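[1] here is the input, now give the coordinates:
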Amino acid sequence: MEYFGNKDLLKQTKTAFLCSRSIPASAVLKCYDRAIAQREEGNCIIGGFHSQLEKDVFHYLLNGTQPIIIALARGLKEKIEPELIKPLEQGRILIISPFDKTVKRVTEQTAEIRNKMMIELADNITIGFASKGGKLETLLKTTEKPITKLV
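    Presented below is the predicted three-dimensional model:
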């Protein structure tokens, strides 16, 4: 595993946040509310933060002070986004990837590998929404870790 940031965050109790790419409108506010609650409780969240909803959740989390682990479905970034610099300096961000730098693009396959890694690293899992019969629903059947479904 490749990483950049505070590797000690892996020792904390971690909640993975996963969500299908297609999500009903009824689930969006529940995801935002959950992110805000996790932020206020100071819980360490691990997520891919790739889809628009996940990016929104990340935005809510970033406004807090709790630790965040960003799991990439490609190799580590060569350039860090400006909004991550201060949280990285504060030691509250870890960026991880199961891929080396030669993997430049996210694919369904790399996203699935990343999601498996997140589930393995997490102590519990929050699902914003899982499409019936989709890859995420299938993946969740492979774990016995506690799962909270928001919808």
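
[2] need the longest helix for this structure.
    When the chain is parsed with DSSP state H, its longest helix is helix 25-41.

[3] need the pLDDT of the residue nearest to the spatial centre of the chain.
    Centroid-nearest residue in the chain: Gly47, 0.3 Å away (criterion: CA atoms, centre = their mean). Confidence at Gly47, expressed as pLDDT, is 97.

[4] bridge partners for the closest residue to it other than its chain neighbours, pull those for me.
    Among residues not flanking Gly47 along the chain, Phe17 sits closest, at 4.3 Å (CB to CB, 6 or more residues apart in numbering). For the C-beta atoms, the positions are set from N, CA and C on the backbone; glycine is no exception. Beta-bridge partners for Phe17, by DSSP bridges, are Gly47, Thr126.

[5] what ranges do the helices span in this structure?
    Going by DSSP H, the chain shows helices at 25-41, 52-62, 82-89, 108-121, 135-140.

[6] for the shortest one, packing partners?
    Right, the one you point to is helix 135-140. Here helix 135-140 touches helix 108-121, strand 124-127, going by 3 or more CB pairs under 8 Å, 6 or more residues apart in numbering; DSSP states H and E.

[7] out of those, which comes closest to Glu2?
    Among the helices and strands packed on helix 135-140, helix 108-121 comes nearest to Glu2, with 11.2 Å by CB to CB.

[8] what's in contact with that closest one?
    1, 10, 14, 16, 18, 46-48, 50, 69, 71-74, 96-99, 103, 125, 135-136, 139-140, 142-143, 145 (CB atoms under 8 Å, 6 or more residues apart in numbering).

[9] now mean neighbour count and mean pLDDT too, for the helices of the chain, in a markdown table please.
    Formatted as a markdown table, those follow (neighbours: other CB atoms under 10 Å; pLDDT from 0 to 100):
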| stretch | mean neighbour count | mean pLDDT |
| --- | --- | --- |
| helix 25-41 | 15 | 94 |
| helix 52-62 | 18 | 93 |
| helix 82-89 | 12 | 94 |
| helix 108-121 | 17 | 96 |
| helix 135-140 | 15 | 92 |
